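[1] okay, predicted coordinates and the sequence, questions at the end:
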Amino acid sequence: MFAVIKTGGKQYRVQEGDVLVIEKLGLDEGQKITFDEVLLVDHDQKTLIGTPYIENASVKGEVIDNFKDKKVIVFKKKRRKQYKKKRGHRQELTRVRIEEIVSELRVARKKEPGVPKVKKVPPREKVKEEAKPKEVKKDKPRKPEKPKVKDIEAKVKKKAGAAKAAEPKAKTAARKKATTKAAPPAKKSKKMKE
């Protein structure tokens with residue numbers, strides 16, 4: 001089971017037992033916190049999606065500690081104007097341990113029994129229908145197929161036409177080879193008299 005919560009203008013995907021680093025909340029170590037802005041809750045195969053938040057859903061956690069992040073250097077400069085500014089910044093953060101995700105799905109799951117009861121239905125009696133004799137169709141004797149003379153002649157003509165079409169292509173290829181000759185050598189330039 002997991003949830004998506006919103007805090008400090010950011011969204012986080014959380015599960016029970018996760019340790020989360022978020023923007024400073026202003027709470028002391030050991031204090032409890034409840035995140036009410038829950039955007040999504042997923043429990044097994046059921047998912048609740050908020051519009052924008054889910055009603056009656058919350059995520060409970062405990063503040064572990066408050067600390068500062070690593071220093072970030074902010075450097076501003078405008079060339080050829082003798083303008084430079086160098087500043088450092090350390091963001092204040094809070095570390096939170098997620099303890100529980102409360103939602104409608106979780107409550108509904110607890111109320112359901114562990115093993116569903118199945119009612120046994122007695123099998124229905126099969127009614128035998130009277131078998132009717134099937135009508136048998138009489139097959140007509142087939143006439144032996146004769147090869148069609150026109151089809152055979154057409155195939156022969158196609159083969160002959162393909163052979164004739166191949167001959168001109170071979171001739172044109174031979175002509176192209178004969179006509180393309182190597183380029184004549186470049187003429188030597190005459191030296192100019194001084």
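    That came through, no problem.

[2] where does the chain dip in pLDDT?
    By pLDDT under 70, the weakly predicted segments of the chain are 106-141, 143-151, 159-194.

[3] helix/strand/coil for P52?
    Here P52 takes the coil state, with states given by DSSP: H, G, I helix; E, B strand; the rest coil.

[4] then K157?
    Going by three-state DSSP: K157 is helix.

[5] quick one, what contacts it?
    With Cβ atoms under 8 Å, 6 or more residues apart in numbering as the criterion, no residue contacts K157. Where you see a C-beta, it was placed from the backbone N, CA and C, and this is true even at glycine.

[6] got it, and V102?
    A57, S58, V59, K60.

[7] one more pass at 10 Å, please.
    A3, T34, V38, V41, N56, A57, S58, V59, K60 (Cβ atoms under 10 Å, 6 or more residues apart in numbering).

[8] please name the nearest non-neighbouring residue to the third one.
    The shortest distance from V38 to any residue other than its chain neighbours is 4.2 Å, reached at A57 (Cβ to Cβ, 6 or more residues apart in numbering).

[9] measure that neighbour to K86 for me?
    For A57, the distance to K86 equals 46 Å [Cβ to Cβ, to the nearest Å].

[10] give me the more crowded residue out of those two.
    Set A57 next to K86 and count neighbours by other Cβ atoms under 10 Å: A57 wins out with 23 against 9.

[11] which one is Y83 nearest to, not counting chain neighbours?
    K77 is the one closest to Y83 (Cβ to Cβ, 6+ apart), at 6.6 Å.

[12] export the host helix or strand of the one you found to PDB, keeping only CA atoms.
    Per DSSP states H and E, K77 falls inside strand 72-78. Written as PDB, here are the backbone C-alpha positions of strand 72-78 (Å, rounded to 0.1, in the frame of the first residue of the first chain):
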ATOM      1  CA  VAL A  72      24.500  25.800  -2.500                       C
ATOM      2  CA  ILE A  73      26.600  28.600  -4.000                       C
ATOM      3  CA  VAL A  74      24.600  31.300  -5.800                       C
ATOM      4  CA  PHE A  75      27.000  33.400  -8.000                       C
ATOM      5  CA  LYS A  76      25.800  36.300 -10.100                       C
ATOM      6  CA  LYS A  77      28.000  38.200 -12.600                       C
ATOM      7  CA  LYS A  78      27.600  40.700 -15.400                       C
END
